[in-house]
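> predicted model and sequence follow; I will ask about them next.
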Amino acid sequence: MAKAQKKQKLAIRKDDMVIVLSGEGRSKTPRKVLSVLPYEGKVVVEGVNLIKDSQKANQQGGQAGSEENFVEKAYPIHASKVALIDPKSGKQTRVRFETGKDGKKQRVAVKSGQAI
């Protein structure tokens, strides 16, 4: 019998700007997070871990029967391989959770202390 997966607490959310720390897509340029997979502990980052996938021809879409189209898809990478960008300095930072004045939990950049 398979174990139930546990949802991981990730500080990264969709549409955040991150830097890839290690792996093939490593660079200093900020990239956008397309989606977050909390049960797997992974994130999909724009332009990183691209894989070419073949797509079958579609008669209704107007594609010929013998053609094959190759589409690039972004596959997930582990969340530990990316770091969030500090909104004030533009450099990588860790994230701390604090309660705001209204009593809601919010993300705060450790380096600058500014809310994300």
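Perfect, I can see it now. Residues are numbered from 1 along each chain as shown.
> L84: how many residues sit nearby?
A total of 22 residues lie near L84 under the criterion other CB atoms under 10 Å. Every C-beta, even on glycine, is put in place using the N, C-alpha and C of the backbone.
> was I right to think it contacts V18?
Yes: contact criterion CB atoms under 8 Å: L84 and V18 qualify, at 5.7 Å.
> where do the contact lists of the two overlap?
Residues touching both L84 and V18 (CB atoms under 8 Å, 6 or more residues apart in numbering): I12.
> span of stretch 76-95 from start to end?
Criterion CA to CA, to the nearest Å; first-to-last residue distance in stretch 76-95 is 21 Å.
> buried stuff in that stretch?
Along stretch 76-95, these residues count as buried under the neighbour rule (16 or more other CB atoms under 10 Å): P76, I77, A79, K81, V82, A83, L84, I85, D86, Q92, T93, V95.
> kindly report the same for stretch 19-35.
Neighbour counts over stretch 19-35 (16+ other CB under 10 Å) mark I19, V20, G25, P30, R31, V33 as buried.
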